[in-house]
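Engineer: here's my sequence, what's the structure:
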Amino acid sequence: MKKLPLGIQNFREIINDGHVYVDKTQYIYRALEEAKYYFLSRPRRFGKSLLLDTIAEVFSGNKELFKGRWIYGSDYEFAKHPVLRLDMSTIANKTPETLESELSIELMRRAGEEGFDIDYGMPSTIFKVLIEALHVKYGRRVVILIDEYDKPILDHVDDIKMASANRKVVKGFYGILKGMDPHIRLTFMTGVSRFTKTSVFSELNNMLDITMSEQYANICGITVEDLGKYFGEHIEALAPLKRFKQLGSVHDEILAWYDGYSWDGETRVLNPFSLLSFFMQKRFSGFWYSSGTPAFLMNLIRKDPSIYAKLDNLWITEGMLDSYELDRIDGKLLLFQAGYLTVKELRLTGGADEYLLGIPNFEVREAFSLHVLGALAESGQPSVKGTQLDIIEALSGGDLQQVLALLRALFASIPYQLHVKEEAYYHSLFIAVLNVLGLKIEAEVSVSGGSVDAVLELEDKVYVMEFKYIGCAPDATQEEKDRLYELALSKGMGQIKDKGYAKRYSGTGKAIYLTAFAFLGRDDIEMRTEQQ
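Structural biologist: Residues are numbered from 1 along each chain as shown. This next block holds a predicted model:
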């Protein structure tokens, strides 16, 4: 059984040490034949660095290293080219001055390794001279590989002034590539975000963006076919363990936890970091998510809780991914590019193609919900799973009182000053609680009468829910609270009935419960439910 390359991004090490390598060389070959400048956006820990390292080995002429891989049997000649690779995640970027200085130092270091004496100061000038010198020295055009191109910008996305200053630096730095075309064999850039691409590469207008391309949909990640082909022995080794039989087989549970990522609406791939971590630790967990949650994403959700409540059933066009500047970031699009949402469906309209976004798998849904609870409650990640069985039992019996008690306890633990006096805040917390409990609840569900706040569908029951928030003074009398409760609950229940929100489920054979929640603030929560 081959070793697992968890955390290894070096192609040579993977091959020489006998690790599993999921062959992506057919896509590399296609890229070499089709264009000269490429851009690829994928979430962190999705294999971008390994992809670039594999390209570097191809252009280093190391044919024997690829024996048994697709490209070895192709007509590719493995001619040796000079390779200039930069990993922007290793370049300090605290200020634009630091970014410029560190880029210059790194490029001068690379020049020194090649025997060049370059001391011009500005990184764009050093970059230009280094490319020209490499072409002359080796007599072949240069291959340029840039990993995490957007790191200097994303690190400061919640500080618009600093992010813009860093963007100006990298825009000038990357911009010299257009004038270097006679010296370049291939340029391949990767990163997480795509929303910065247009403004950063505005001068490099010959860049081919393969992010959403069907031909390159699984250039990173592991397909279902790959799972059986490369990891069959590892799956068989885990099959006898009884704790992995909730969905009938280890294979099915792996797919439920880690599959579901797509950029074309058709091809779906598993998260490689999570899959390898699962095989190494022999347990299901949110490995990818726990490996690092960008603080700016949680800050966005604190500012606009409705982002979380509307993560499913979101339609976008591809053009929307390119149309946002740093001061107009759409949180949902940023979540897609960061890997918390993925393409569920592609709709060809004859004009701009439309993409349906949604949460990719159980790993992201559960772990993201825990972090959202922590972000909105500011009290760490509240412990809600201890009452999971009681709540599921109550829901199965048509009784939401256990959920109401949990919500009251959760909201009571949040300091008054942290509460956001908006319906979306309470809506999002409620959705997060049920997601953490492992219950698949859909938010903002489109029905014939409009959009219902949430729908919880069980095996034999459906809960159709509306949330209403009415501001209430902390020192209000119980009589005043009761009046506001009645107003909010009547409004919520009336909306469900008047707009026929439950009609969509009337033919399912399931018991239907109409449920209205009233939030007055903090632990002042009431609920009304009627079986239809």
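
Engineer: next SSE after the strand ranked longest in the chain?
Structural biologist: Determined from DSSP state E, the single longest strand within the chain is strand 511-521. Proceeding N to C from strand 511-521, the next assigned helix or strand is strand 524-531, under DSSP states H and E.

Engineer: which residues touch the most centrally placed residue in the chain?
Structural biologist: Computing the C-alpha centroid of the chain and ranking residues by Cα atoms, centre = their mean puts residue 339 first, at 1.0 Å. Contacts for residue 339 (Cβ atoms under 8 Å, 6 or more residues apart in numbering) come out as 42-44, 46, 192, 261, 271, 288, 360, 364. C-betas here are computed from N, CA, C, even on glycine.

Engineer: who wins for most neighbours among these?
Structural biologist: The most crowded member of the contacts of residue 339, judged by other Cβ atoms under 10 Å, is residue 271 (29 neighbours).

Engineer: quick one, phi/psi of that one?
Structural biologist: Torsion angles at residue 271 (phi, psi; degrees, to the nearest 10) stand at phi -70, psi 120.

Engineer: one step back: just the ones in strands from the contacts of residue 339, please.
Structural biologist: Among the contacts of residue 339, no member falls in strands (DSSP E).

Engineer: which strands and helices sit next to the longest strand of the chain?
Structural biologist: Counting contacts by 3 or more Cβ pairs under 8 Å, 6 or more residues apart in numbering; DSSP states H and E, strand 511-521 is packed against helix 423-436, strand 461-469, helix 478-498, strand 524-531.

Engineer: which parts of that strand are buried?
Structural biologist: For strand 511-521, the buried set under the neighbour-count rule, 16 or more other Cβ atoms under 10 Å, comprises 512-521.

Engineer: go on, stretch 71-87?
Structural biologist: Within stretch 71-87, the residues scored as buried using 16+ other Cβ under 10 Å are 71, 76, 78, 81-87.

Engineer: shaky segments in the stretch 151-300 of the chain?
Structural biologist: Across the stretch 151-300 of the chain, the ranges flagged by pLDDT under 70 are 195-198, 202-203, 242-243, 245-248, 291-296.

Engineer: what ranges do the helices span in it?
Structural biologist: Counting by DSSP state H, counting those that start in this stretch, the stretch 151-300 of the chain has these helices, from start to end: 151-154, 160-175, 197-200, 224-238, 250-258, 272-281, 287-290, 295-303.

Engineer: for the first one, packing partners?
Structural biologist: Secondary-structure packing of helix 151-154 (3+ Cβ pairs under 8 Å, 6+ apart): helix 160-175.

Engineer: next, the distance between the ends of stretch 237-252.
Structural biologist: Taking Cα to Cα, to the nearest Å, the first and last residues of stretch 237-252 lie 15 Å apart.

Engineer: picking that back up, closest to residue 343 out of the helices and strands packed on strand 511-521?
Structural biologist: Taking Cβ to Cβ, helix 423-436 is the member of the helices and strands packed on strand 511-521 nearest to residue 343, at 20.5 Å.

Engineer: after that closest one comes which helix or strand?
Structural biologist: Reading on from helix 423-436 to the C-terminus, the next helix or strand found by DSSP H and E is strand 441-447.

Engineer: what pairs with the next helix or strand after that next one, parallel or antiparallel?
Structural biologist: Proceeding N to C from strand 441-447, the next assigned helix or strand is strand 450-457, under DSSP H and E. Strand 450-457 has the following strand partners under DSSP bridges: strand 441-447 (antiparallel), strand 461-469 (antiparallel).
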